[in-house]
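> quick one, what's the 3D model for this:
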Amino acid sequence: MTRRAKRKRDSQKPDADQDVPQSNSSLVTQKLLERCFPRVQTLRQHLLTQLPSASRLRRKKITALTARDASSELEGRVAALLDTALVCSRLPQAQKSETGDIRWEQWKSFSQKGDESYVSMSDTRSAKQSQTEILEFVVWLLFNREKTTNTHPCHVLCNGFDVKPGNGDKGTTSIPGVYSRFPSSSFEALKEVPWPQVLALLGQSGERLMINLLLDYSLFVAVDAGHGNFYQLSGVPLFMSSLPVDGQAATVADAKPFCRKPGEITLMRNKTLYAKPSLTAAGTVQAGFRHIHVLNRCPYVKPEGDEPAPDEREQNEANTTKVMMYMFPRQFGLHNAFTSEVDKTRTTMKFQDYTYREDEINEAIALRPNSSEQTKSTKLPKRLKGIARDLVMNLQVRHSRCAYFELLRYYCPSAWDTHRPAQNLATQASSKAPKQKGDGPNIDGVAIQGTSRQKRVGHKTHSQPSHSDMPSYNTLVELACPIGNVSAYCQAVLAKIVPDRFWGEGDTMLHNKRMFRSKVDHFIRLRRFEVMSLHEVVQDLKVVDILWLRPPNLAGQKTSQTDISKRYELFHEFLYYVFDSLLIPLVRNNFYVTESNIHRNRLFYFRHDVWRRITEPAMAKLKESMLEPLRLVDATRILDSRRLGFSQLRLLPKTLDLRPIMNLGKKMPGRGRSKTFGASINWELKPIHHMLNAEKAMNASKLGSSMLSTGEIYSRLKEFKLALGSAASSQRFYFAKIDVHAAFDTIPQEAVIKLMNSVPSRGHYTVVKHVEMMPDPRTDSAHSKETSKSLRTWHFAALKKGEPFSLPERLERSISEKKINTVFVEGNPARTYHTAPLLKLLEEHVSQNIVKVGKRFYRQKRGIPQGSVVSSFLCNYFYADLEAQHLHFLNGADSILLRFMDDFLFITQDKEKAVQFVETMHRGVPEYGVEVNTKKTLLNFKMKSQDEPLATVSHGRNSRIVGLLLIARHWRSVGTITKTPIMESQTP
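Below you'll find the model as predicted:
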């Protein structure tokens, strides 16, 4: 009879999930952390798996320590920490063991201790001292790993530390070569109860386990406030950990070459927005592609005779090879959207722009740029020889024969085309709307007139019609091309230049062309923020049967999986080129694509020649009234002497006029030969924004009746109603809504600068930042294997007076009270800004705002920059001072004044106050640049201004006020106030 082997007791480490108290599952664990890390455990589970096999007593103590059976408050806190703290790991266990032995020797050298050093749980003083030494060693080791002194370790514990001392900083004496610039929240939290007690609980192995825990793992502790919230206490910041594609974190051992899937590659539609046209030497708009496009730089040279000369043949072959390098960069080892990392210092977009890549090609083939052997020496991949090469050459020929401008005039006709008489384009507008004709569009309601000299349009010379020839329209966007016509034009051009055999043969070709046309139409019809991926483009296309994708000399053989993968790889590159380098440049160079002020995200396609006729007189008036020209030498000198760059101006269509918009959020291009992008103007102004945010919280009275969001209207009206009590339903209310004309463009610069110097109440401000990460709410199942991206938001704030520096303390006080299932990660580093330099920067921003229009530079001589991150604060503080100086009579328990930027809404039970308010505003306040737009004044009582009756709201009708809908039945009485969402595609 065979004897059974005796069961071994405690000879091996227990499994992490066996006989260990389990933690409550949460969305943070299941949908976020488990998708970032291959192993997520509670602190109790982690310690039990890491203890040596001989530590049976320690294991029993850790298992038996529970919050329910705790004999003291301290033991209860330790037990709660063991069950709520999460330990996450990325590195495999074998790699940790190898590095653990090396760092243990470093620890003994750093601490001057032997192997037998340990503390007991009752010895609190020794435990805290040992925990502090461990933390100092971890910080020292993390900084010591960095190869250069300019690199800061990517670790939460290193926040607040640096190898360089600050101004007047004597540094720390306990960590060699490391200085404390700011208090480290994580460092201080790990020194306090109950972490020293956890160290003591581990016994002799405690120091080794604690060092490994802080260096090899990411540690998250629960936040009491809110629900399901965590705070990262140690490890690489979670926001720097990229989520794996398949939902499971990859380890070092099984890492694969980097390659994006088609679903991860999105077409950069934002490149089509606000583009400038390509002009000829005569100043006319050139249809088709820009002159730097590879099809224009590498054309097919038509032979003079029946047979091409050797030089012509060689040149055509070289040009075809160059085009193929643009079309299939991955096959030539060039930078591409599939396998190459994007250099964020050289582009602001998700993927790089491949319009011009000559420098990269010259560097790749290691020859001089103008060498005649440059492209001849480039070896074509086997798959691109034969049919593929012939098709690319055919594409060059078809491009040279394509009549782009005639196709544009056929599919997207304009009232100014010579073969068509001017006609009324307002075919879809309501006949009740007022018609605009003659003078053309306005700048924010101011009529603009101008004349233009004769210009060439397209390939022919046309006489620029005067503005009396402007076709009539109800809204400015009616001059845009119908989106169906734009789609038809793009489909026609691509059908003309792309050979049919690129799509296959016979039925396969017909099917693929039909599907491709539908993809182009879908791309054109997308709204502003909608995206389209390469996966959507390739869907429903038949790839395997396309002849040019087959390997040469292998026709008729059975297709292997690797062959199919290669065919898809080539076809994906071809499709990406067609959309990114043909369709998008085609739209950019032929249409000005923009949204409008009266439609939310709908895009409009104006022909470039039409857009120029609309905007040239408006831009001329704008330059005259608000801008003054700068010489290039002066503009360059100013830009080189400061951190702020220049803003770019564009015009946004409104109903019958145009609104100037300045883009201050765009990163500044490198100066000189530098291709690295610098910070945007708004980024440089962020410290001022944080300072004003802090002042808003500390001294809200300085903002008067300002509302920073329309959501405040409901709460203020409700408070007003409650304060009135029974009078809210027994008396009549008088409403007056007034709009200041062009507020941002009329605020006096010197006055607003003088006022803002009195706003700051402190000499310096400390700005801290943290990141909030949440699971994607679109993930339905916690156990779903689909890719889930986390929602990540950065939060910056200047600390208010008495506010704690430590993020955990701020989380418990206010930040996390209303948060659910959020992970908070402290950012690095905090910075202290002195008030005087910030005010000087603000003055420079307001008085020396440089605007680039076309190729010329201008200085904004009037108003404040619209689009600046601080412009709303400037407007609110300035008009709050206006209220204090000229509208103080509005104060009273029976009245309330609401102001959102330049929209005033006054509600009162005293009609005389309402009349006085309207009269005061209509007279204007010159020292504040206030001039009221009388057409937008709206009352609920009859009144005249300069013998003209003002608009009133009749009973039973609804009206829009400061962006919201006020229901007329509440105008007589505010006894009932409701908050109702309105779903609409247009804004007021």
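
> need the helices for the stretch 51-200 of the chain, in chain order.
Ranges of helices in the stretch 51-200 of the chain, per DSSP state H, counting those that start in this stretch, are 56-64, 73-84, 93-111, 124-145, 185-191, 195-201.

> quick one, which of these is nearest to Gly283?
Gly283 lies closest, by C-beta to C-beta, to one member of the helices of the stretch 51-200 of the chain: helix 124-145, at 59.3 Å. From N, CA and C alone the C-beta is placed, and that goes for glycine too.

> just how off-centre is the closest one within its chain?
Put simply, helix 124-145 sits 39 Å off its chain's centre (C-alpha atoms, centre = their mean, to the nearest Å).

> buried residues of that helix, list them for me.
By neighbour count on 16 or more other C-beta atoms under 10 Å, the buried set for helix 124-145 is 126-128, 130-131, 133-143.

> which two of those residues have the greatest separation?
Ser126 and Phe143 (26.5 Å).

> re earlier: where among the helices of the stretch 51-200 of the chain is the average confidence lowest?
Ranked by mean pLDDT, these end with helix 93-111 at the bottom, a mean of 71.

> the residue nearest to Ile564 when sequence neighbours are not counted sits in which helix or strand?
Leaving aside its sequence neighbours, Ile564 sits nearest to Val544 (C-beta to C-beta, 6 or more residues apart in numbering; 6.2 Å). Using DSSP states H and E, Val544 falls within no helix or strand.

> which residues of the stretch 351-500 of the chain fall in strands?
442-443, 455-457, 460-462 (DSSP state E, counting those that start in this stretch).

> picking that back up, got TSV for the helices of the stretch 51-200 of the chain, with distance to Gln539 too?
Listed next are those as TSV, based on distance: least, C-beta to C-beta, whole Å:
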stretch	distance to Gln539
helix 56-64	54
helix 73-84	45
helix 93-111	41
helix 124-145	46
helix 185-191	46
helix 195-201	53
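
> so which of those helices is nearest Arg357?
Nearest to Arg357, of those and by C-beta to C-beta, is helix 124-145 at 36.7 Å.

> what average pLDDT does stretch 509-520 get?
96.

> buried sites along that stretch?
Buried residues in stretch 509-520 (16+ other C-beta under 10 Å): 509, 511-513, 515-517, 519-520.

> of these, which belong to helices?
Residues of those located in helices (DSSP state H): 509, 511-513, 515-517, 519-520.

> and which of the residues you listed is nearest Trp503?
Asn512 (3.8 Å).

> for that closest one, which non-adjacent residue is closest in space?
Leaving aside its chain neighbours, Asn512 sits nearest to Trp503 (3.8 Å; criterion: C-beta to C-beta, 6+ apart).

> do the same with Lys818
Nearest to Lys818 is Gly226, by C-beta to C-beta, 6+ apart, at 6.8 Å.

> tell me the contacts of that neighbour?
Listed by C-beta atoms under 8 Å, 6 or more residues apart in numbering, the contact partners of Gly226 are 816-820, 822.

> what do you get if the cut-off is 10 Å, keeping everything else the same?
811-812, 815-822, 824 (C-beta atoms under 10 Å, 6 or more residues apart in numbering).

> correct me if wrong: Asp390 contacts Arg501.
Yes - with contact defined as C-beta atoms under 10 Å, Asp390 counts as touching Arg501 (8.6 Å).

> shared neighbours, those two?
Common neighbours of Asp390 and Arg501 (C-beta under 10 Å, 6+ apart) are Trp548.

> now the stretch 701-850 of the chain, which segments are flagged as low pLDDT?
727-730, 777-789 (pLDDT under 70).

> do the stretch 251-400 of the chain as well
Using pLDDT under 70, the stretch 251-400 of the chain drops low at 251-257, 366-377.

> show me the helices in it, by range?
All helices of the stretch 251-400 of the chain, identified by DSSP H, counting those that start in this stretch, fall at 294-297, 310-327, 358-364, 387-401.

> now the stretch 501-650 of the chain
Remark: helices assigned in the stretch 501-650 of the chain by DSSP H, counting those that start in this stretch are 506-525, 534-538, 561-577, 584-590, 608-625, 632-640.

> so how far is the first one from its chain's centroid?
For helix 506-525, the gap between its own C-alpha mean and the chain's C-alpha mean amounts to 32 Å (C-alpha atoms, centre = their mean).

> now the angle between helix 561-577 and it, please.
40 degrees (axes from the mean of the first three to the mean of the last three C-alpha atoms, to 10 degrees).

> so which elements touch helix 506-525?
helix 483-497, helix 534-538, helix 561-577, helix 584-590 (3 or more C-beta pairs under 10 Å, 6 or more residues apart in numbering; DSSP states H and E).

> kindly report the same for the fourth one.
Packed against helix 584-590 by the contact rule (3+ C-beta pairs under 10 Å, 6+ apart) you find helix 404-411, helix 483-497, helix 506-525, strand 604-607, helix 608-625.

> tell me where the longest strand sits in this protein.
Assignment by DSSP state E gives strand 764-774 as the longest strand of the chain.

> which neighbouring elements make contact with that one?
strand 230-234, helix 686-698, strand 791-798, helix 807-810, strand 823-826, strand 831-834, helix 835-847.

> buried sites along that strand?
Quick answer for strand 764-774 (16+ other C-beta under 10 Å): 765-774.

> tell me what angle it forms with strand 791-798.
Angle of strand 764-774 versus strand 791-798, following the same axes, to 10 degrees, is 170 degrees.

> centre of the chain to strand 764-774, how far?
That offset, for strand 764-774, works out to 18 Å (C-alpha atoms, centre = their mean).

> can you list the strands that it pairs with?
Partner strands and pairing direction for strand 764-774 (DSSP bridges) are strand 791-798 (antiparallel), strand 823-826 (antiparallel), strand 831-834 (antiparallel).

> quick one: the ones you listed as TSV, columns for mean neighbour count and distance to Ala742 too.
Formatted as TSV, those follow (neighbours: other C-beta atoms under 10 Å; distance: least, C-beta to C-beta, whole Å):
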stretch	mean neighbour count	distance to Ala742
strand 791-798	15	31
strand 823-826	25	42
strand 831-834	15	32
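
> let me have these in CSV, adding distance to Gly645 as columns.
Shown next, in CSV, are those (distance: least, C-beta to C-beta, whole Å):
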stretch, distance to Gly645
strand 791-798, 21
strand 823-826, 30
strand 831-834, 20
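
> among those strands, which comes closest to Gln204?
Nearest of the strands paired with strand 764-774 (C-beta to C-beta): strand 823-826, 32.7 Å.

> with just CA atoms, put that closest one into PDB.
Taking Å, rounded to 0.1, in the frame of the first residue of the first chain, the C-alpha atoms of strand 823-826 are listed here in PDB:
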ATOM      1  CA  VAL A 823      -7.700  58.700  -7.600                       C
ATOM      2  CA  PHE A 824      -5.800  61.900  -6.500                       C
ATOM      3  CA  VAL A 825      -2.100  62.200  -7.500                       C
ATOM      4  CA  GLU A 826       0.000  65.100  -6.300                       C
END
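
> sorry, back to before: include distance to Glu628 when you put the helices and strands packed on strand 764-774 into JSON lines, please.
Shown next, in JSON lines, are those (distance: least, C-beta to C-beta, whole Å):
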{"stretch": "strand 230-234", "distance to Glu628": "51"}
{"stretch": "helix 686-698", "distance to Glu628": "25"}
{"stretch": "strand 791-798", "distance to Glu628": "34"}
{"stretch": "helix 807-810", "distance to Glu628": "46"}
{"stretch": "strand 823-826", "distance to Glu628": "46"}
{"stretch": "strand 831-834", "distance to Glu628": "31"}
{"stretch": "helix 835-847", "distance to Glu628": "12"}
